[in-house]
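**Q** Provide a 3D model corresponding to the input given below.
(2 chains)
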Amino acid sequence: MIRTHTCGELRKSNLDQEVRLAGWVNSWRDHGGLVFIDLRDRYGLTQVVFSPRTDAKLHDLARTLRSEYVVAVRGKVAARPEGTVNPSMPTGEIEIAADDLEIQNKAETPAIDMAAEDSIATAQRMEWRVLDLRRPVVQQRLIFRHKVARIMRRYFDSLDFVDVETPFLAKSTPEGARDFLVPCRLNPGTFFALPQSPQLFKQLLMVAGFDRYYQIVRCFRDEDLRAQRQPEFTQLDVEMSFIGMEDIIGIIEGMMALIFKETLGLELSLPIQRMTYREAMDKYGCDAPDIRYGMNLCDVSDIAKRTTFRVFTSAIESGGVIKGFNAKGFGDLSRKDIDNLQTDIAGIGAKGLAWLKYGDEGLASPIRKFFSDDLAAELATRMNAQKGDLLLFVADEPKIANTCLSFLRTTLARSREGIIPKGIFKLTWVVDFPLVEWNKDEKRWDSVHHPFTAPHPDDVGLIETDPGNARSLGYDLVMNGVELGGGSIRMHRREMQEKVFNLLGISPERARDRFGFLLKNLEYGAPPHGGIAFGLDRMVAMLQGADDIREVIAFPKNQKAACPLTGAPSVVEPKQLRELHIKLADET
RNA sequence: GGGGCCGUAGCUCAAUUGGUUAGAGUACCAGACUGUCGAUCUGGGGGUUGCGGGUUCGAGUCCCGUCGGCCUCGCCA
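**A** Prediction:
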């Protein structure tokens, strides 16, 4: 037996036991006489001491130990002498008085600082990910992830959900994100697609009568990356039959409460609050609002209309709105700061940024002269402006105004300590999403959620008369301004599904080609059903206060979707391509 | 595809207005040291300032290009 105990478990109660430990040299302290080694494994650190009095040869060998050597030691658990107890270590009351040492493997000097808490460049860490993963802080994040997944599995199992695996080699559905394609040797010229999600399969499982399904499953999307986005990521996927939105919400709230309780020891107060999509857009300008702090958006079109400021009045005349918010306490921003903000939102499409500061003599700014005193007072009251505040406004079509103001609100809130409370989690459901959204470029209606989302029963009539105002039975769970998961009740009748495909401009032929297997099966006894999918990476990262999901993925990709550790993706042998009947296009 | 930031020792960073031989901490190597635990002390090695070009008497610093990394918008049904 190489080890009898782990490096995290020995205590005073083990005194005088003869033990064997194995692990990596976390640090070494050579006193000429005594040599101290902190031995590390997944479970913790234990100090090993080598004395020349015990065995001179052993002591000499111990002096050659260096960082990250893999060693096995044998020795007796000893109480540390008075005054040398280390209270910051769980094993700090004891040490191993070594009487044997075997160097299992030497190690090159680590390329990254193994002791660093953080602040190692991400690129360095990812290139040396194996060493990085050896660091206890990094290991703990993955272990935390394991615990979350285990809680989910236990929870759904206890509620009679069945874990069913669905194919990775699936059919391409070009309607959504870009697919990763996989050529099929046996069928020249054809390709599988890696699933963007198991959406269609889980619906088919409902038709098949599985009733309650869940899966923790990898999904693939060939889109540009972000800190919150990887080309392959993990979803908790859930689908249920004979239920409505309230059933799903209830089940998920139970799950969230359990996760909070068992991982962080926090009581999540249920039910989780809800807001409509409209309310989210009105107050926060986005569909995933961060409700941990204020500075809510406010429509002041009615006031702006009565000013003599052409930018405002003409925006309203052309169907736009004037929205803004009170950047509490940001009255000390300089002209340059505000110009920078304006530059930022110009990239989103804003034509300008109007502002007023509330100073010693009330509102002041270059545009103050367009406001009568009464109007200025009305504005100040409406926006609860006080001395030291900065009022920011965007005049534009609602979508652009909302996007810009939402950006400004979050940017300013993040720029100063104390605005966003730390260490708290604020959740909200967002419901009553629109069914579809007008795509200006393609001149068509696109699904807000996906093409299988059922319309709100009260709004079915609007599909033909006023699609833009039809609500869906979709719902998102949002935490601290990030969408954790989203789902919907699906259409289980073919006629309704075809009606929506028709609205989306998906012809019967195309629908049959892409989703024929779903449509056909909907005619063979599809139960009412619905579900939800959660971004596991995101959830786990946020629960640990990490803002990059790479922190909770063992081997993540970089921003160019490449694996810095293995070098994937890479070119392949011409022979492989020939077998797949693939010829590369000439490109320079 | 658009916009922005960054690239200096293994790692984290510094280097005045463009000005002498590019520094510090840490890591590494050697020596000293029997109670350290971020050990300490003494000494040492370590650089194509990502790469290429340009401006200049002189470039880590300025300009152009390129490569790499990161952020962001588009995109992500």
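
**Q** ok, now which ones touch the residue nearest to A:L270 when sequence neighbours are not counted?
**A** Spatial nearest neighbour of A:L270, excluding adjacent residues (C-beta to C-beta, 6 or more residues apart in numbering): A:E253 at 5.2 Å. (Each C-beta comes from the backbone N, C-alpha and C, glycine too.) Contacts of A:E253 were listed using C-beta atoms under 8 Å, 6 or more residues apart in numbering, and they are A:268, A:270-272.

**Q** Doesn't A:E253 lie inside a strand?
**A** No: checked against DSSP: H, G, I helix; E, B strand; the rest coil, A:E253 lies outside a strand; its state is helix.

**Q** Which ones, among the contacts of A:E253, also lie beside RNA strand B?
**A** Here nothing survives when the contacts of A:E253 are matched to RNA strand B using C-beta under 7 Å from any atom of the strand.

**Q** Among the residues you listed, name the buried ones.
**A** A:268, A:272 (16 or more other C-beta atoms under 10 Å).

**Q** Need the contacts of A:E253 in TSV (columns: pLDDT and secondary structure).
**A** Formatted as TSV, these follow (pLDDT from 0 to 100; DSSP: H, G, I helix; E, B strand; the rest coil):
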residue	pLDDT	secondary structure
A:L268	95	coil
A:L270	92	coil
A:P271	96	coil
A:I272	96	coil
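
**Q** biggest separation within the contacts of A:E253, which pair?
**A** Farthest-apart pair in the contacts of A:E253 is A:L268 and A:P271; separation 9.9 Å (C-beta to C-beta).

**Q** how close does the residue nearest to A:L270 get to A:A22?
**A** 45 Å (C-beta to C-beta, to the nearest Å).

**Q** Report the residue spans of the stretch 301-450 of chain A with pLDDT below the cut-off.
**A** The stretch 301-450 of chain A contains residues with pLDDT under 70 at A:347.

**Q** What parts of it come near RNA strand B?
**A** A:347-348, A:403, A:407, A:441, A:446-450.

**Q** Only the buried subset of the residues you listed, as a ChimeraX command please.
**A** Here is the ChimeraX command that selects the buried residues among those (16+ other C-beta under 10 Å):
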select /A:403,407,447,448,449,450
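
**Q** Restricted to strands, list the residues of the stretch 301-450 of chain A next to RNA strand B.
**A** Filtering those for membership in strands, criterion DSSP state E, returns A:446-447.

**Q** Lowest mean pLDDT among the helices and strands, pick that one out for chain A.
**A** Lowest by mean pLDDT, DSSP states H and E among the helices and strands of chain A is helix A:335-346, with a mean of 78.

**Q** coming back round to it: tell me the one of the contacts of A:E253 nearest RNA strand B?
**A** A:I272 (23.0 Å; C-beta to the nearest atom of the strand).

**Q** quick one: the closest one and A:M256 touch, right?
**A** Yes: judged on C-beta atoms under 8 Å, A:I272 makes contact with A:M256 at a distance of 7.3 Å.

**Q** so what sits against both of those two?
**A** A:427, A:477.

**Q** Who does A:E95 form a beta bridge with?
**A** In this entry, A:E95 is beta-bridged to A:A78, by DSSP bridges.

**Q** make that A:G485, sorry
**A** Those that pair with A:G485 in a beta bridge, by DSSP bridges, are A:L477, A:F534.

**Q** Which strands or helices does the longest helix that chain A contains pack on?
**A** Secondary structure assigned by DSSP state H gives helix A:136-158 as the longest helix of chain A. Here helix A:136-158 touches helix A:129-134, strand A:162-163, strand A:212-220, helix A:245-259, helix A:536-543, going by 3 or more C-beta pairs under 8 Å, 6 or more residues apart in numbering; DSSP states H and E.

**Q** Relative to the whole chain's centre, how far out is the last one?
**A** Put simply, helix A:536-543 sits 5 Å off its chain's centre (C-alpha atoms, centre = their mean, to the nearest Å).

**Q** average model confidence for it?
**A** The pLDDT scores in helix A:536-543 average 94.

**Q** for the second one, same thing?
**A** Across strand A:162-163, pLDDT averages out at 98.

**Q** Who are the packing partners of that strand?
**A** helix A:136-158, strand A:212-220.

**Q** What residues of the first one count as buried?
**A** The reference is to helix A:136-158. Applying 16+ other C-beta under 10 Å to helix A:136-158 flags A:136, A:138, A:141, A:144-145, A:148, A:151-153, A:155-156 as buried.

**Q** Only C-alpha atoms, please: export that helix in CSV.
**A** C-alpha atoms of helix A:136-158 as CSV (Å, rounded to 0.1, in the frame of the first residue of the first chain):
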residue,chain,number,x,y,z
PRO,A,136,-6.2,23.5,-4.3
VAL,A,137,-8.3,26.6,-5.2
VAL,A,138,-8.9,25.3,-8.7
GLN,A,139,-9.6,21.8,-7.5
GLN,A,140,-12.2,23.1,-5.1
ARG,A,141,-14.1,24.7,-7.9
LEU,A,142,-14.4,21.5,-9.8
ILE,A,143,-15.3,19.6,-6.7
PHE,A,144,-18.0,22.2,-6.0
ARG,A,145,-19.3,21.6,-9.5
HIS,A,146,-19.4,17.9,-8.8
LYS,A,147,-21.5,18.6,-5.7
VAL,A,148,-24.0,20.7,-7.6
ALA,A,149,-24.4,18.1,-10.2
ARG,A,150,-24.9,15.4,-7.6
ILE,A,151,-27.6,17.4,-5.8
MET,A,152,-29.4,17.9,-9.1
ARG,A,153,-29.3,14.1,-9.9
ARG,A,154,-30.4,13.2,-6.4
TYR,A,155,-33.2,15.8,-6.5
PHE,A,156,-34.6,14.7,-9.9
ASP,A,157,-34.2,11.1,-9.1
SER,A,158,-36.3,11.6,-5.9
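
**Q** Check what contacts that helix and list those residues.
**A** A:40, A:42, A:117-118, A:132-133, A:163, A:212, A:214, A:216, A:236, A:238, A:254-255, A:258-259, A:262-263, A:536, A:539-540, A:543-544, A:546, A:551-552, A:554.

**Q** What about RNA strand B: which of those touch it?
**A** Of these, not one also sits near RNA strand B (C-beta under 7 Å from any atom of the strand).

**Q** Give me the buried entries from these.
**A** When the contacts of helix A:136-158 are checked against 16+ other C-beta under 10 Å, the ones flagged as buried are A:40, A:132, A:212, A:214, A:216, A:236, A:238, A:255, A:258-259, A:263, A:536, A:539-540, A:543-544, A:546, A:551-552.

**Q** related to what we said a few turns ago, can you tell if the longest helix of chain A touches RNA strand B?
**A** No: judged by C-beta under 7 Å from any atom of the strand, helix A:136-158 makes no contact with RNA strand B; its nearest approach is 13.1 Å.
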